[in-house]
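K.L.:
please work out how this folds:
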Amino acid sequence: MGKNPEIIVIGAAIIDVLACRVGPEVFHNGSYPADSICMTTGGDALNEAILLSKMGKKVYLETVIGEDEAGMLVVHRCEKNGISLEKRQIRPGMFTSVNVVLVQKNGERSFLTDPQGAQRKLRLDNIRMPFPETAKILCFASIFVFPEIGPDDLKIIFSQAKSQGMTVCADMTKPKKGESVADFAEVLPYIDYLIPNEEEACMFTKQETAEKAALKLLCAGVRHVVIKCGDRGCLVMDETGVCQVPAVESVDCVDTTGAGDSFVAGFLYALSEGKNLRECAEYGNACGAKAVTVTGATEWLASNGQPDLWL
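P.N.:
Okay, here's the model as predicted:
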């Protein structure tokens, strides 16, 4: 592991191929001129780890990638940003996931994914525990991404982190098999901060609004619920109450790829700096707003520099 990490991020590390300003007519033409096509690293965990490292935090990334050209690009990007990968995380015979991202004219995007890639291969026995004593925050970057990590496995991971006095954070994607709050009844009480987007939270809780979803998650044992609501900012709820934290205004949206990951990275950074819940949410909003102004998930933040925000 990297020396004395402050934050551990668990999740996917992939390659993204982004085609920008693509409309539905791409499927009706033999050739379509995109505004730009570029290749970069992606994946929720890698995005968050890179951004946190750029912000000056010592981060350890727990993931698996293939011993292929795409995997070597991930390794190079990690080395460039001071994130170490152990040899055990690079698997011969495994293919590093490559996503094709079609970015529409309004910045929204659609993904072509490879279900056979390493993005889906992470298992409990790939995660080395106990965690380093220096780590104070653990973030599981996306519940529901990994078919082989279910509620029982998450309980083991989160309970280990809590036994070491760590703060446990988690994000999620859309439930893949209709999973519900009841299925995660023994997991949710271990989570200090759950950070889904509005659609994910509503699907998971079977509720119609972000506020109802947050209340159900809070009642299920999550200590703080933070729901990302796009251009409406985010909703935060804990035992003291609920509030809507507004988004940054007048943002020119180019590409929403990685906006949620930038929010989470900003939130974790502020949390590690001792900020309160609303301040963490405001910082997350600011980082998410910066992210959508450029193509790619992490390109908005220069290396070795704090983001030019209010913190």
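K.L.:
contacts only, for Ile50.
P.N.:
For Ile50, the contacting residues are 41, 77-78, 81, 83, 298, taking CB atoms under 8 Å, 6 or more residues apart in numbering as the criterion. From N, CA and C alone the C-beta is placed, and that goes for glycine too.
K.L.:
show me where the stretch 101-250 of the chain has helices.
P.N.:
Counting by DSSP state H, counting those that start in this stretch, the stretch 101-250 of the chain forms helices over residues 151-163, 198-205, 210-219, given from the N-terminal end onward.
K.L.:
among these, which is nearest Ala286?
P.N.:
helix 198-205 (18.8 Å; CB to CB).
K.L.:
distance of the closest residue to Ile65 other than its chain neighbours from Pro115?
P.N.:
With sequence-adjacent residues excluded and distances taken as CB to CB, 6 or more residues apart in numbering, Ile65 is closest to Gly71, at 4.1 Å. Separation of Gly71 from Pro115 (CB to CB, to the nearest Å) stands at 18 Å.
K.L.:
relative to Leu138, how far out is Gly221?
P.N.:
In terms of CB to CB, Gly221 sits 17 Å off from Leu138.
K.L.:
looking at these two, which one has more neighbours?
P.N.:
For the pair Gly221 and Leu138, the greater number of neighbours falls to Leu138 (24 against 16), based on other CB atoms under 10 Å.
K.L.:
from what I can see that one touches Phe131, true?
P.N.:
Yes. Leu138 is within contact range of Phe131, at 6.6 Å (criterion: CB atoms under 8 Å).
K.L.:
just the strands in the chain please.
P.N.:
Assigned by DSSP state E, the strands in the chain fall at 7-10, 14-20, 36-42, 59-62, 65-66, 90-91, 98-103, 109-112, 137-143, 167-172, 193-194, 224-228, 234-238, 241-245.
K.L.:
can you work out which residues contact both of Leu138 and Phe131?
P.N.:
Taking CB under 8 Å, 6+ apart as the contact rule, Leu138 and Phe131 both touch 8, 161, 166.
K.L.:
pull the number of nearby residues for the second one.
P.N.:
Applying the criterion other CB under 10 Å, we find 26 residues in the vicinity of Ala161.
K.L.:
how about it: what's its closest non-neighbour residue?
P.N.:
Leu138 (4.3 Å).
K.L.:
now do the contacts for that neighbour.
P.N.:
7-8, 10, 131, 157-158, 161, 166-169.
K.L.:
Thr298 now?
P.N.:
Contact analysis of Thr298 by CB under 8 Å, 6+ apart lists 40-41, 47, 50-51, 54, 258, 262, 291.
K.L.:
same thing but at 6 Å, please
P.N.:
Applying CB atoms under 6 Å, 6 or more residues apart in numbering, one finds that Thr298 lies in contact with 47, 50-51.
K.L.:
now, those that are in helices?
P.N.:
47, 50-51 (DSSP state H).
K.L.:
using CSV, lay out these together with distance to Ser272 and pLDDT.
P.N.:
As requested, the ones in helices among the contacts of Thr298 are arranged in CSV below (distance: CB to CB, whole Å; pLDDT from 0 to 100):
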residue, distance to Ser272, pLDDT
Asn47, 17, 96
Ile50, 16, 96
Leu51, 13, 96
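K.L.:
now, which of the residues you listed sits nearest Phe184?
P.N.:
Of all these, the one with the least separation from Phe184 (CB to CB) is Asn47, at 24.0 Å.
K.L.:
quick one: which of the helices of the stretch 101-250 of the chain is nearest Leu18?
P.N.:
With distances scored as CB to CB, the stretch of these nearest to Leu18 is helix 198-205 (21.6 Å).
K.L.:
quick one: average pLDDT of that closest one?
P.N.:
Per-residue confidence for helix 198-205 averages out to 98 on the pLDDT scale.
K.L.:
just want the angle from that helix to helix 210-219.
P.N.:
Angular relation of helix 198-205 and helix 210-219 on a 0 to 180 degree scale: 50 degrees, by axes from the mean of the first three to the mean of the last three CA atoms, to 10 degrees.
K.L.:
identify the residues contacting Asp238.
P.N.:
Taking CB under 6 Å, 6+ apart as the definition of contact, the neighbours of Asp238 are His224.
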